[in-house]
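>>> this one's sequence-less:
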């Protein structure tokens, strides 16, 4: 049995595809997987490191409004579509899964034109343009929230959750104190705030954290701060005194192994509202302050956070309402109220769907068998 997964552009599209691919290979000893992504995207470097065969195609991001680049986008989509058809035929695919990004549109549409059964993963509360386009072309649609079903044909839409790789959490026997030892500069016994700005960082959150860091450290809170590679040198340079003082640890990017350790080390998370990050946080049963990216398409990160907030599984803060004073106050109040902190963590645990990758693979198996 041969599976093609396609997605790219952000970690939220790439890592779920990898999670499904790995689950597929575990259950099919003779199975094969091909990942089709953009040859210029993050996936071109991330996927080969997992051992999953990767094939790059032409892809270009569509802007929200018409621009001089619009014809180039159309041309690249057409070229990517033809390239994907060629790779699908050569691979002799049995089924295809699209996990988001414009490269997935080319691959999934190519598969549909060949009569290949297909599915898409639409994990955000409000689906993106690509998934709304592809919904008509596929047999099944996987979503994270019950509320998302209304955007798609109900008969072929299923709530599966967000597929996560096995390594996104450490074994249960690893304690918080032990996980903190992974990062030089963290102490085992201090309340730990983890900052996650997404795979590309978040400049606005970074600035608030830097402004609040000295007061947080003075209050006994230590900070593990994923800054994003683009912002790391600037933040490290501006935070030399804090780093030397101890308790403030900036890192450009957390590998999957480091992310698992960081999530286990944390008492509280400050993060964006991307569904991949939120799924990792809930999977690790962590309380979070969620600051959605205000420029995200259709404000989907805010809708993601609202859905979790309604379950009591996070605290939503608009970016415009967050500053150093607010962050220090929120952290202090939560730290002083362990009952509330625990209640949010328990709600997060209930919101997670740890078997999402298995559920998606069950669906793909059914589609392939139906063919």
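Looks like it arrived, so ask away. Bear in mind the structure is a predicted one, so any value in this text is a computation, not a measurement. Numbering: from 1, shown residues only.
>>> can you give me the helices for the stretch 251-371 of the chain?
Assigned by DSSP state H, counting those that start in this stretch, the helices in the stretch 251-371 of the chain fall at 256-265, 275-283, 300-310, 324-335, 338-351, 356-370.
>>> now do the stretch 51-200 of the chain
Listed in chain order, the helices found in the stretch 51-200 of the chain under DSSP H, counting those that start in this stretch are 70-91, 102-113, 129-134, 176-180.
>>> mind putting those helices in TSV, mean neighbour count and mean pLDDT included?
(C-beta placed from N, C-alpha, C; glycine too.) Conversion of the helices of the stretch 51-200 of the chain to TSV gives the following (neighbours: other CB atoms under 10 Å; pLDDT from 0 to 100):
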stretch	mean neighbour count	mean pLDDT
helix 70-91	16	85
helix 102-113	26	95
helix 129-134	19	91
helix 176-180	17	98
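>>> any chance of those in a markdown table, plus distance to residue 44?
Formatted as a markdown table, the helices of the stretch 51-200 of the chain follow (distance: least, CB to CB, whole Å):
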| stretch | distance to residue 44 |
| --- | --- |
| helix 70-91 | 14 |
| helix 102-113 | 10 |
| helix 129-134 | 19 |
| helix 176-180 | 31 |
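>>> who are the neighbours in contact with residue 117?
If you count contacts by CB atoms under 8 Å, 6 or more residues apart in numbering, residue 117 has them with 94-96, 139, 367-368, 370-371.
>>> do you know how far it is from residue 369?
The gap separating residue 117 from residue 369 is 9 Å, by CB to CB, to the nearest Å.
>>> same deal with residue 355?
Using CB to CB, one gets 20 Å for the distance from residue 355 to residue 369.
>>> same deal with residue 152?
With distances taken as CB to CB, residue 152 is found 23 Å from residue 369.
>>> give me every residue that touches residue 327.
If you count contacts by CB under 8 Å, 6+ apart, residue 327 has them with 208-209, 212, 216, 270, 289.
>>> from those, which two are the most distant?
Across the contacts of residue 327, no pair lies farther apart than 216 and 289, at 12.8 Å, counting by CB to CB.
>>> okay, the helices of the stretch 251-371 of the chain, which one's buried deepest?
Per-residue neighbour counts averaged over each of these give the maximum for helix 275-283, namely a mean of 25 (mean count of other CB atoms under 10 Å).
>>> about what we covered before: closest one to residue 17 among the helices of the stretch 51-200 of the chain?
Distances from residue 17 to each of the helices of the stretch 51-200 of the chain were compared using CB to CB; the shortest belongs to helix 102-113, at 8.6 Å.
>>> and the closest one, what does it pack against?
Taking 3 or more CB pairs under 8 Å, 6 or more residues apart in numbering; DSSP states H and E as contact, the helices and strands that helix 102-113 lies on are strand 2-6, strand 32-38, strand 54-57, helix 70-91, strand 95-98, strand 118-122, helix 129-134.
>>> I'd like the ones you listed laid out as JSON lines, including distance to residue 233.
Listed next are these as JSON lines, based on distance: least, CB to CB, whole Å:
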{"stretch": "strand 2-6", "distance to residue 233": "33"}
{"stretch": "strand 32-38", "distance to residue 233": "26"}
{"stretch": "strand 54-57", "distance to residue 233": "29"}
{"stretch": "helix 70-91", "distance to residue 233": "32"}
{"stretch": "strand 95-98", "distance to residue 233": "35"}
{"stretch": "strand 118-122", "distance to residue 233": "34"}
{"stretch": "helix 129-134", "distance to residue 233": "33"}
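>>> of the contacts of residue 327 - the most surrounded one?
Counting neighbours by other CB atoms under 10 Å, residue 270 leads the contacts of residue 327 with 27 neighbours.
>>> where are the low-confidence patches of the stretch 1-150 of the chain?
Low-confidence segments of the stretch 1-150 of the chain (pLDDT under 70): 60-74.
>>> mind giving me the domain ranges of the protein?
For the chain, the structural domains run 2-164+354-370, 167-351, going by automatic domain parsing.
>>> which ones are touching the residue nearest to residue 167 when sequence neighbours are not counted?
The shortest distance from residue 167 to any residue that is not its chain neighbour, by CB to CB, 6 or more residues apart in numbering, is 5.0 Å, and that residue is residue 256. The neighbourhood of residue 256, defined by CB under 8 Å, 6+ apart, consists of 15, 165, 167-168.
>>> now for the residues you listed: which two are most distant?
When the contacts of residue 256 are compared pair by pair using CB to CB, the maximum separation belongs to 15 and 167, at 10.3 Å.
>>> among the two, which residue is more densely surrounded?
Shown here are residue 15 and residue 167; by other CB under 10 Å, residue 15 has more neighbours (27 against 13).
>>> how far away is the more buried one from residue 126?
20 Å.
>>> with residue 30 instead?
According to CB to CB, residue 30 stands 39 Å off from residue 126.
>>> and the two? Which one has more around it.
When neighbours are counted by other CB under 10 Å, residue 30 and residue 126 differ, and residue 126 comes out ahead with 19 against 7.
>>> residues in contact with that one?
Residue 126 neighbours (CB under 8 Å, 6+ apart): 148, 151, 298-300, 303.
>>> again, only using 7 Å
Counting by CB atoms under 7 Å, 6 or more residues apart in numbering, residue 126 touches 298, 300, 303.
>>> from these, which is closest to residue 236?
Each of these was scored against residue 236 by CB to CB, and residue 300 proved nearest at 31.3 Å.
>>> would you agree the closest one is in contact with residue 122?
No. The pair residue 300 and residue 122 fails to qualify as a contact (CB atoms under 7 Å) at a distance of 10.4 Å.
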